[in-house]
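Q: A structural model of the following input is requested.
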Amino acid sequence: MSFIPKTDLFIVTSALRTGIGVIDEQTRLNQTIEGLKSLRKAAPDAIIMWVDASSRMVDEATITQVTQYCDKSINFFGDEDLMSLANAGLKSQAEITLLFKTLNIIKQHPELQKMMAGVRRVFKLSGRTNMLEGYDPKEYDDLYGKYVFKKRIPSWLPPQKQLESGCDHLYITRMYSFCMSLFDDYYATLPLIYRKIGEFNIDTEHSHFASIDKSKVVEFDNLYCQGMLAGNGQVEVY
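A: Numbers count the residues shown, from 1 in each chain. Now for the predicted structure:
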């Protein structure tokens with residue numbers, strides 16, 4: 001009888017201390033912890049990996065507060081690439097670089113490779129996101145070889161830029177996932193997503209839509225999560 005992976009991995013991206021946005025650091029910490037608690041409740045059997053790319057040092061006591069709700073954690077403070085992008089205010093490029101570096105570590109670390117043998121899907125979840133009632137891991141059964149995004153949203157870019165970039169829609173990137181069989185596909189696509197962000201001056205959400213093979217995408221009406229936008233403090237439900 002063959003072994004069938006059944007575990008989901010949630011990569012929770014974070015920046016506890018950053019100069020971007022209107023949310024103060026204590027609120028960011030509180031929201032991060034609440035989000036992780038809600039994730040653990042919604043997906044009790046999942047592996048939670050918290051990856052933080054703060055542009056300013058976070059003390060050990062604060063890190064301990066957060067990591068008690070996680071199975072794995074990676075602290076990218078001091079990473080030259082991420083610090084340069086953060087200091088330049090290049091949020092989308094920083095997010096893609098953080099994901100690329102995280103997946104690269106997973107690919108190379110023997111302990112993490114062993115852990116991944118039991119993983120069926122990898123979820124990317126932005127920090128400070130609360131899972132809502134209605135989330136059901138079983139909705140992701142029978143989605144081998146598929147990405148899952150929230151249903152595409154029409155672009156607000158000028159028509160000419162939509163035409164040039166191939167971005168007449170966008171994919172929300174607060175939460176999305178891919179089958180473990182697509183791990184290398186997504187890893188190889190991230191540099192393309194990064195290049196298009198710079199080439200067409202678009203955000204990561206437009207670039208994901210333009211770069212990922214739509215034949216491999218399933219779109220859900222609801223993801224059952226909500227989060228506060230760092231730029232203006234507005235809460236959105238997905």
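Q: what mean pLDDT would you report for stretch 77-86?
A: The pLDDT scores in stretch 77-86 average 91.
Q: Ignore what I typed, I meant stretch 93-103.
A: 97.
Q: Ok, stretch 202-212 next?
A: On average, stretch 202-212 scores 97.
Q: how distant is it from the center of its chain?
A: The chain centre lies 13 Å from the centre of stretch 202-212; the measure is C-alpha atoms, centre = their mean, to the nearest Å.
Q: tell me the pLDDT at Gly21?
A: On the pLDDT scale, Gly21 gets 61.
Q: now the helices for this structure?
A: Taking DSSP state H, the helices of the chain run over residues 25-42, 60-67, 80-87, 91-108, 110-116, 159-165, 183-200, 204-211.
Q: Distance-wise, check the most centrally placed residue in the chain relative to Val148.
A: Taking C-alpha atoms, centre = their mean, the centroid of the chain lies closest to Lys124, which sits 3.2 Å from it. Distance, Lys124 to Val148, by C-beta to C-beta, to the nearest Å: 11 Å. Just so you know, the C-beta spots here come from the backbone N, C-alpha and C atoms, and that holds for glycine as well.
Q: what sits in contact with each of those two?
A: Tyr176, Ser177 (C-beta atoms under 8 Å, 6 or more residues apart in numbering).
Q: before we move on, the earlier item: any idea of the pLDDT on the residue nearest to the centre of the chain?
A: 98.
Q: Could you give the bridge partners of it?
A: On the basis of DSSP bridges, Lys124 is bridged to Ile11, Tyr176.
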